[in-house]
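> Can you look at this prediction? I've put the sequence above it.
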Amino acid sequence: MHNFQELIIWQKAMDLTEDLYRLSASFPKEEKYGLTSQIGRSAISVPPNIAEGAGRNTDGEFKNFLGIASGLSNELFSQLPLSHRLDLVPEKKVAPILNNLIEIQKINYSLIKKFSK
């Protein structure tokens, strides 16, 4: 069992979620049930999956939840560039968030690899 609040990946995922909520709040109202909702659902699910996995009894269970968080991160990697392509947000606002997402994915991959041994 790991203390999820001490995990760098969880802390960064929380920051990412906050950034994404702030970003998507600027989307037009007609996107409320479209991309805004999708980004919100993906973003809000990353930190809890890390936390739930950290609270499980085995590293294998933790690895499984990290895998779920990885899939959600990949969803965000599709949704964020799309939001720019649809002119919902300028690239200069998307780029730093994508950089943070890449860092989270690298940490996540390292943890999954660690727990695969």
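Received the coordinates, thanks. Numbers count the residues shown, from 1 in each chain.
> OK, contacts around the nearest residue to residue 35 once chain neighbours are set aside?
Computed as C-beta to C-beta, 6 or more residues apart in numbering, the closest residue to residue 35 that is not its neighbour in sequence is residue 83, at 5.8 Å. Bear in mind the C-beta positions are built from the backbone N, C-alpha and C, glycine included. Residues in contact with residue 83 (C-beta atoms under 8 Å, 6 or more residues apart in numbering) are 23-24, 27, 35, 39, 89, 94.
> Out of those residues, grab the one that's most surrounded.
Neighbour counts for the contacts of residue 83 (other C-beta atoms under 10 Å) peak at residue 39, which has 24 neighbours.
> is it true that that one touches residue 24?
Yes: look at residue 39 against residue 24 with C-beta atoms under 8 Å: they come within range, at 4.8 Å.
> sorry, back to before: could you give the secondary structure assignment for the residue nearest to residue 35?
Here residue 83 is helix, with the state taken from DSSP: H, G, I helix; E, B strand; the rest coil.
> any idea how far it lies from residue 13?
From residue 83 across to residue 13, the span is 19 Å (C-beta to C-beta, to the nearest Å).
> Same check on residue 71?
From residue 71 to residue 13 the distance is 14 Å (C-beta to C-beta).
> the more surrounded of these two?
Neighbour comparison, residue 71 and residue 13: the larger count goes to residue 13, with 28 against 13 (by other C-beta under 10 Å).
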